[in-house]
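Asks: Starting from these lines, generate the structure:
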Amino acid sequence: MEASTTRLIHYTLQEYLCTHPELFNNAHSAMTETCLTYLNFQSIKSLLPCPSPESPDTPFLEYSSLHWGSHARVELPDRAESLALQILMGMIITYLPDRF
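Replies: Numbers count the residues shown, from 1 in each chain. From the prediction side, this is the model:
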């Protein structure tokens, strides 16, 4: 049975993390870049336009596809725009000619 709650193994770790919020200053930037970098991998781009998000070969595909924008809205790193444009341009070049 899968649960959506994560628990820390020891309460002292939780105390440490709560008293050092600076450890997470750029968490959303890091997640935005990680998601977009993953979506730019050639092995992932070759699965488009309709990959199966449940595939064991692509465990991060569904999360990165659905949530990179949420992370970017909170904290947009400089590199995120170029990574997102790479994905968009690749899709336009690949799929738009088939439409005309």
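Asks: Assign a three-state SS to residue 30, would you?
Replies: Look at residue 30: counting by DSSP: H, G, I helix; E, B strand; the rest coil, its state is helix.
Asks: tell me the contacts of it?
Replies: By Cβ atoms under 8 Å, 6 or more residues apart in numbering, the contact list for residue 30 reads residue 77. C-betas here are computed from N, CA, C, even on glycine.
Asks: Relative to residue 9, how far out is it?
Replies: Using Cβ to Cβ, to the nearest Å, we find residue 30 at a distance of 23 Å from residue 9.
Asks: check which helix or strand covers the residue nearest the centre of the chain.
Replies: Against the mean C-alpha coordinate of the chain, by Cα atoms, centre = their mean, the closest residue is residue 35 at 2.2 Å. For residue 35, the element it lies in under DSSP states H and E is helix 27-39.
Asks: pLDDT on the next helix or strand after that helix, on average?
Replies: Tracing the chain C-terminally past helix 27-39 and defining elements by DSSP H and E, one meets helix 42-45 next. Helix 42-45 comes out with an average pLDDT of 80.
Asks: which residues of this protein score low on pLDDT?
Replies: The model of the chain has pLDDT under 70 over residues 1-3, 48-55, 95-100.
Asks: if you set the cut-off to 80 instead, what comes out?
Replies: 1-8, 45-57, 91-100 (pLDDT under 80).
Asks: Remind me what the longest helix along it packs against, helices and strands.
Replies: Determined from DSSP state H, the single longest helix within the chain is helix 78-95. Helices and strands touching helix 78-95, by 3 or more Cβ pairs under 8 Å, 6 or more residues apart in numbering; DSSP states H and E, are helix 27-39, helix 61-74.
Asks: now do 7 Å
Replies: helix 27-39 (3 or more Cβ pairs under 7 Å, 6 or more residues apart in numbering; DSSP states H and E).
Asks: If you count neighbours, what's buried in the helix it packs on?
Replies: Within helix 27-39, the residues scored as buried using 16 or more other Cβ atoms under 10 Å are 28, 29, 31, 32, 33, 35, 36, 37, 38, 39.
Asks: Which one of the residues you listed is nearest to residue 63?
Replies: Closest approach to residue 63 among the buried residues of helix 27-39 (Cβ to Cβ): residue 35, at 7.3 Å.
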